[in-house]
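Asks: Have a look at this prediction, sequence included:
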Amino acid sequence: MADKNLNTSVSEASILQRGTQTLRLEADAINRLADQLGTPFVEVINLILKTSGRVVLTGVGKSADVGRKIVATLNSTGSPALFVHAGDAVHGDLGVIQQGDVVICLSKSGRSAEMTALTPLLKQHGHTIVGVTGVADSPLAQQSDIVLIAGVDAEACPYDLAPTTSTAVQMALGDALAMCLMEAKGFGAEDFAKFHPGGALGRRLTVRLHDLIDPERRPSVRFDAQIQDVLLSMTAGRYGATAIVDSESNIVGIITDGDLRRALVEGNAINSKAEEIMTPKPFAIVGTELAAHAAKMIEEKGISQVIVTHENGEYTGMVHLHDLVREGITQLKTK
């Protein structure tokens, strides 16, 4: 136990050195794993794609924590998965693993007592075992149908004790499995939205522009309107802009706060008509587009609002940057 009376102040240099060393050790280990990824990895992907069951992750200790995270990633990307603790499995929970399930066993050493007890039972029940271990001749590797070697030279822990580099490698391998399965299954953004309906992520994947427009606020003036009418329209609309339409109500331009300021600086505002200071051919998006797409366009174009239309080009309203921020679809950037 550490002496509580010791001075716990640590220099900035030593903190950065340890932090940098940890990240580099883990990055190097993941890079080595990427270099050695080969046929067994492909076999695991094809095995899971062909199975009628689920992907079951099991492990003990920190490997169990990694297994839970991999299960969460698989479930959210279209591959049904569940976690069973290896210790619980040999004490009554083995029955949750069904015929057709692929069982992925995580163990750095491949020699833990729980895993050594579990794998023969899995074999007896006819389950396919994928062993993820750092030791090629371990009991887990010997019992596995397919072995993925995820070994490390050393943990980032200065005493080579706390699982750090090894769990980072396991996690990265799990992500690689999930992404390959996701792509092979053609799991796209719309599928992702079904699995993530709540929170900011869900809104980014489901909210469309027509969900954000206020039909009672649709500021517009004719192209020959006077500046006073432009100001009244912008004030009523509260978008910092108004659409400019022609005699047939087609959108021909937009006037923003910035356009007005520039006209005032140039001395052209007071006696001008809308068409003289408007920005022609304004950026517009169909209301069925995702609001997240509008957020991206707003950022790329450096604008504050977008005009929203029907598929036929009819003007339906505006969406301002603040509407997107309010919905959690984007964030205001601060300098």
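Replies: Arrived safely. On a predicted model such as this, the values are computed, not experimentally measured, just so you know. Numbering: from 1, shown residues only.

Asks: Apart from its chain neighbours, what residue comes closest to Glu43?
Replies: In space, and not counting its chain neighbours, Glu43 is closest to Ile146: 5.3 Å by CB to CB, 6 or more residues apart in numbering. For glycine as for every other residue, the C-beta is placed from the backbone atoms N, C-alpha and C.

Asks: Tell me which residues touch that neighbour, please.
Replies: Ile146 is in contact with 40, 43-44, 47, 128-131, counting by CB atoms under 8 Å, 6 or more residues apart in numbering.

Asks: The same query, at a cut-off of 7 Å, please.
Replies: 40, 43-44, 47, 130 (CB atoms under 7 Å, 6 or more residues apart in numbering).

Asks: What of Gly267?
Replies: Contacts of Gly267 (CB under 7 Å, 6+ apart): none.

Asks: Leu212 and Asp323 touch, don't they?
Replies: Yes - here Leu212 reaches Asp323: they are 5.0 Å apart, a contact under CB atoms under 7 Å.

Asks: mind listing what's buried in whichever helix or strand Ala263 is part of?
Replies: Using DSSP states H and E, Ala263 falls within helix 257-265. Buried residues in helix 257-265, defined by neighbour count with 16 or more other CB atoms under 10 Å: 259-260, 263.

Asks: so what does the helix or strand hosting Ala27 touch, helix or strand wise?
Replies: Using DSSP H and E, Ala27 maps to helix 12-36. In terms of contact count using 3 or more CB pairs under 7 Å, 6 or more residues apart in numbering; DSSP states H and E, helix 12-36 is assigned the packing partners helix 165-184.

Asks: Wasn't Ser63 part of a helix?
Replies: Yes - if the criterion is DSSP: H, G, I helix; E, B strand; the rest coil, then Ser63 is within a helix.

Asks: Need the pLDDT of the closest residue to it other than its chain neighbours.
Replies: Leaving aside its chain neighbours, Ser63 sits nearest to Leu106 (4.0 Å; criterion: CB to CB, 6+ apart). In this prediction, Leu106 carries a pLDDT score of 97.

Asks: okay, now Leu106: neighbour count?
Replies: Residue crowding around Leu106 was assessed by other CB atoms under 10 Å; the count is 33.

Asks: Identify all contacting residues around stretch 242-262.
Replies: 219-223, 230, 233-234, 240-241, 269, 274-275, 277-280, 282, 284, 307, 315.

Asks: repeat that with 6 Å
Replies: 219-221, 223, 230, 233-234, 240-241, 274, 277-280, 282, 307, 315 (CB atoms under 6 Å, 6 or more residues apart in numbering).

Asks: Stretch 78-86 now?
Replies: With contacts defined as CB under 6 Å, 6+ apart, stretch 78-86 is touched by 54-60, 64, 67-68, 71, 74-75, 93, 96, 114-115, 118, 181-182, 185, 187.

Asks: Rounded mean pLDDT for it, please.
Replies: 95.

Asks: How about stretch 160-175?
Replies: For stretch 160-175, mean pLDDT rounds to 95.

Asks: List the buried residues in stretch 119-134.
Replies: 119, 122, 127-134.

Asks: Touching, Ile104 and Ile129? I think so.
Replies: No - in this structure Ile104 lies outside contact range of Ile129 using CB atoms under 6 Å: 8.1 Å.

Asks: between the host helix or strand of the residue nearest to Ser63 and helix 165-184, how many degrees?
Replies: Using DSSP H and E, the element containing Leu106 is strand 102-107. Orientation of strand 102-107 against helix 165-184 (axes from the mean of the first three to the mean of the last three CA atoms, to 10 degrees) gives an angle of 160 degrees.

Asks: Neighbouring strands - and their directions - for strand 102-107?
Replies: strand 55-58 (parallel), strand 128-133 (parallel) (DSSP bridges).

Asks: Contacts for it, please.
Replies: With contact meaning CB under 6 Å, 6+ apart, strand 102-107 is reached by 47-48, 51, 55-59, 63, 67, 115, 122, 127-133, 140, 170.

Asks: same thing but at 8 Å, please
Replies: Defining contact as CB under 8 Å, 6+ apart, one finds that strand 102-107 is touched by 44, 47-48, 51, 53-60, 63-64, 66-67, 70, 86, 97, 115, 118-119, 122, 127-133, 138, 140, 144, 170.

Asks: so how far is that strand from its chain's centroid?
Replies: Offset of strand 102-107 from its chain centre (CA atoms, centre = their mean, to the nearest Å): 25 Å.

Asks: I'd assumed Val147 was in a helix, is it?
Replies: No - Val147 is assigned strand when assessed by three-state DSSP, not a helix.

Asks: in the sheet, who's paired with it?
Replies: Beta-bridge partners of Val147, as defined by DSSP bridges: Gly131.

Asks: quick revisit: what subset of the contacts of stretch 242-262 is buried?
Replies: Applying 16+ other CB under 10 Å to those, the neighbour count classes 219-221, 223, 230, 233-234, 240-241, 274, 277-278, 282, 307, 315 as buried.
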